[in-house]
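Engineer: build me a structure from this.
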Amino acid sequence: MRIFITLCSWIVAATAAAQALELSDAELRVSDHVLLTGSLRVSVLAPLADTNAVVLDLRGSDEEGVAASVRAIEAARIERISMPLGRVMPDPSEVARFTSVLDATTASGQPLIVQCSSGNRAGMLWAAYLIDTGTTPEAALQAVDPIVTKEPAREAILGYGGGE
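Structural biologist: Numbering: from 1, shown residues only. A predicted model of the protein is given here:
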């Protein structure tokens, strides 16, 4: 009986994890090879298996869904880079690290998926990158408007001073 209950508990947990990966609050393709996303969906990962894709994960290891996401990424044989960001605009060193990853994946033609839990941090990071490369905050916000849905994130983008 105890084994049956443990097995049922595991099945329920595995099913919930799989369903969490199938849902995405937001996705936004910002270039030919860069996708910003909230929670990753398995349907996004499966076609990228063996393509040298890179997932830049902005979530902390203690956030909900991270463990299941890491397992799915590993199962798809996709490189994962952990770069936890707070729920505030990234600082210049974080934007510089992102720029290094972006430059490397662009040079090698690797698809890059920038993931957080809802899409807001991914959008803020992309907006900060745009601002640091000469885009106005207003235009940067417009570029990420579909994925940055939280008002504090939108206000942070407009107030971002970048690496000045």
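
Engineer: quick check: residue 69 touching residue 115?
Structural biologist: Yes: counting by CB atoms under 8 Å, residue 69 does reach residue 115; the two are 7.5 Å apart. C-beta here means a position set from N, CA and C on the backbone, and glycine is covered the same way.

Engineer: give the residues shared as contacts by those two.
Structural biologist: 39, 40, 57, 59 (CB atoms under 8 Å, 6 or more residues apart in numbering).

Engineer: neighbour-wise, which one of those leads?
Structural biologist: residue 40 (26 neighbours; other CB atoms under 10 Å).

Engineer: roughly how far apart are the residue nearest the centre of the chain and residue 45?
Structural biologist: Relative to the mean C-alpha position of the chain, the nearest C-alpha, by CA atoms, centre = their mean, is the one of residue 115, at 0.7 Å. Noted for residue 115: a distance of 10 Å to residue 45, by CB to CB, to the nearest Å.

Engineer: buried set for stretch 29-36?
Structural biologist: Neighbour counts using 16 or more other CB atoms under 10 Å place 30, 33, 34, 35, 36 of stretch 29-36 among the buried residues.

Engineer: which two in those residues are spaced the farthest apart?
Structural biologist: 33 and 36 (12.0 Å; CB to CB).

Engineer: does residue 101 touch residue 113 like I think?
Structural biologist: No: counting by CB under 8 Å, residue 101 does not reach residue 113; the two are 11.1 Å apart.

Engineer: what touches both of those two?
Structural biologist: With CB under 8 Å, 6+ apart as the test, residue 101 and residue 113 both reach 54, 56.

Engineer: with adjacent residues omitted, what lies nearest to residue 114?
Structural biologist: The shortest distance from residue 114 to any non-neighbouring residue, by CB to CB, 6 or more residues apart in numbering, is to residue 122 (4.4 Å).

Engineer: which of the helices or strands spans the one you found?
Structural biologist: helix 120-132 (DSSP states H and E).

Engineer: list of residues touching that helix?
Structural biologist: Contacts for helix 120-132 (CB under 8 Å, 6+ apart): 26, 28, 30, 34, 36-38, 58-59, 85, 87-90, 92, 94-95, 98-99, 102, 114-116, 137, 139-141, 143-144, 147-150, 153, 156-157, 160, 162-163.
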